[in-house]
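> build the 3D model from these lines:
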Amino acid sequence: MRQLRDIWRLNDTENVSSGHLGIIYLSWQFPTDVRKNHLSSQHEKWRVFAENEVKAAFGSSLLYEGLQWMKEDLFIHMRLPAGHQMLQEDWLLELAYKHTADWEKQFAEEICYEGLADVLGKLHIGVSVVPNDNDPVDGLVWYDAMKKAILHGQSAGSMERSLKRRALERVISERLIQPVYQPIVSLLREGEVFGFEALSRTQDQTWFAGPMELFQCAEQEGLTYSLDRLARERAIDGCLRLMPGQKLFINVMAQIMEDPSFSPGQTLSLLEQHKLSPHHVVFEITERSSIADFGSVKKALEHYRSQGYQIAIDDVGAGYSSLQSIAELRPDYLKVDRSIIHNIHLDEMKEHILYTLVQIAAKMDISIIAEGIELEAELAKVREMGIEYAQGYLLGRPAPFHSMMM
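Below is the predicted model:
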């Protein structure tokens with residue numbers, strides 16, 4: 001957790017108030033069908049537990065102003081030093097999460113230990129920071145801070161969601177995505193690397209275990225376009241040099257192409273800066289949800305193709321990647337999902353599915369890439385079935401581009 005003294009160092013003289021008031025709001029909300037006398041008993045247990053934990057955690061802090069109960073809602077009052085409000089909010093969010101995650105778990109264990117799991121409930125947590133220039137503090141300022149904390153904590157999980165959003169915003173604003181590249185190998189020309197798929201990674205995995213969680217959060221927070229664009233830019237930035245005929249596969253969400261603000265020209269400009277052309281690039285269409293408007297996506301793809309880009313459909317055989325997508329979008333490549341390729345040498349049904357895709361692809365002049373190859377037997381089977389390209393840990397793990405060239 002970022003230390004408060006580090007936040008002070010980040011402050012400058014602009015947009016800084018003389019101080020802030022911080023509120024951490026806690027409300028243990030029990031199920032509504034709990035009997036009144038039972039509920040009163042549980043509320044009293046929560047009061048005793050919460051007061052003890054708050055005093056143990058904050059009692060010796062110079063920032064701690066005290067606690068206040070309003071019915072069953074607990075407000076922890078903090079007087080924060082001068083500084084940027086957003087940095088103060090970040091710090092208070094992290095401080096609150098650090099303690100309350102343990103408190104919720106401990107109190108839940110106490111209730112369950114008493115055999116009362118049916119009245120468990122959930123802890124709602126909210127925080128707020130408001131500027132204050134008055135000493136003594138105007139009571140209305142505290143009241144305003146308390147209202148904002150209640151609004152923030154209206155739903156269970158709001159604390160974690162706020163922290164995830166802050167982490168996501170930091171990834172985007174500070175461009176913290178690191179591109180790695182996984183080779184796609186030709187099975188017709190032994191050992192030849194046909195291209196590389198660019199993948200996104202982040203060093204800090206506190207909130208996002210991997211790219212899937214990162215992009216899911218972006219979708220929930222309405223930041224999909226910003227993150228997707230950053231991932232594309234970083235993929236091109238990190239691609240140092242392609243050999244003649246090699247391709248760079250860049251993931252693009254289909255839903256992004258339905259966005260009126262989506263601009264293919266931005267990608268072209270970036271390619272030119274790195275001495276690449278659209279003929280080097282394959283846009284790999286990833287469907288995280290079903291495509292609502294095939295017309296918009298097809299229009300965007302036609303524009304791309306007219307500039308020289310090629311198109312691949314990812315995760316074929318899993319998720320939302322459907323036969324309709326293949327028929328409507330007419331890709332240049334189908335990337336068959338690992339769920340089909342895994343142990344295909346032992347599974348006749350998977351073999352039949354892949355054979356059907358091979359037939360469809362042949363009729364539509366589409367090349368197939370088998371994803372997720374991890375076993376020699378899998379590689380032998382897809383080669384035997386006439387698959388042109390393969391990708392997977394057996395053939396090469398994702399790595400920075402410069403390490404591929406060594």
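> state the next helix or strand along the chain beyond the helix or strand containing Gln255.
Using DSSP states H and E, Gln255 maps to helix 254-257. Toward the C-terminal end, the helix or strand that comes next after helix 254-257 (DSSP H and E) is helix 264-273.
> got a list of contacts for the helix or strand just after that next one?
Counting by DSSP H and E, the element after helix 264-273 in chain order, helix or strand, is strand 281-286. Applying CB atoms under 8 Å, 6 or more residues apart in numbering, the contact partners of strand 281-286 are 195, 197, 247-254, 257, 267, 271, 297, 301, 304, 309-315, 325, 329, 331-333, 335. In short, each C-beta sits where N, CA and C put it, glycine included.
> chain center to strand 281-286: distance?
20 Å (CA atoms, centre = their mean, to the nearest Å).
> hey, C-alpha coordinates of the helix holding Gln255 in CSV?
Below are the C-alpha coordinates for helix 254-257, written out as CSV (Å, rounded to 0.1, in the frame of the first residue of the first chain):
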residue,chain,number,x,y,z
ALA,A,254,-15.5,-7.2,-32.2
GLN,A,255,-17.6,-4.9,-30.0
ILE,A,256,-14.9,-2.1,-30.4
MET,A,257,-15.6,-2.1,-34.2
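> which ones among the contacts of strand 281-286 map onto helices?
Ala254, Met257, Thr267, Leu271, Val297, Leu301, Tyr304, Ser325, Leu329 (DSSP state H).
> neighbours around the second one, how many?
Pointing back at Met257 there. 22 (other CB atoms under 10 Å).
> contact partners for it?
Taking CB under 8 Å, 6+ apart as the test, what Met257 contacts is Ile285, Ser296, Val297, Ala300, Leu301.
> pipe the residues you listed into TSV and attach distance to Arg383 and pLDDT per row.
TSV is the format used below for the contacts of Met257 (distance: CB to CB, whole Å; pLDDT from 0 to 100):
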residue	distance to Arg383	pLDDT
Ile285	26	89
Ser296	38	81
Val297	33	83
Ala300	34	82
Leu301	30	87
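> follow-up on the earlier one: what's the most distant pair in the ones in helices among the contacts of strand 281-286?
Leu271 and Ser325 (25.4 Å; CB to CB).
> can you redo the ones in helices among the contacts of strand 281-286 as a markdown table with distance to Ser61?
As requested, the ones in helices among the contacts of strand 281-286 are arranged in a markdown table below (distance: CB to CB, whole Å):
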| residue | distance to Ser61 |
| --- | --- |
| Ala254 | 50 |
| Met257 | 51 |
| Thr267 | 50 |
| Leu271 | 53 |
| Val297 | 54 |
| Leu301 | 57 |
| Tyr304 | 56 |
| Ser325 | 56 |
| Leu329 | 58 |
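> quick check: ChimeraX command selecting the buried ones in the contacts of strand 281-286.
Entered in ChimeraX, the line below selects the buried ones among the contacts of strand 281-286, by 16 or more other CB atoms under 10 Å:
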select :195,197,247,248,249,250,251,252,253,254,257,267,271,297,301,304,309,310,311,312,313,314,315,325,329,331,332,333,335
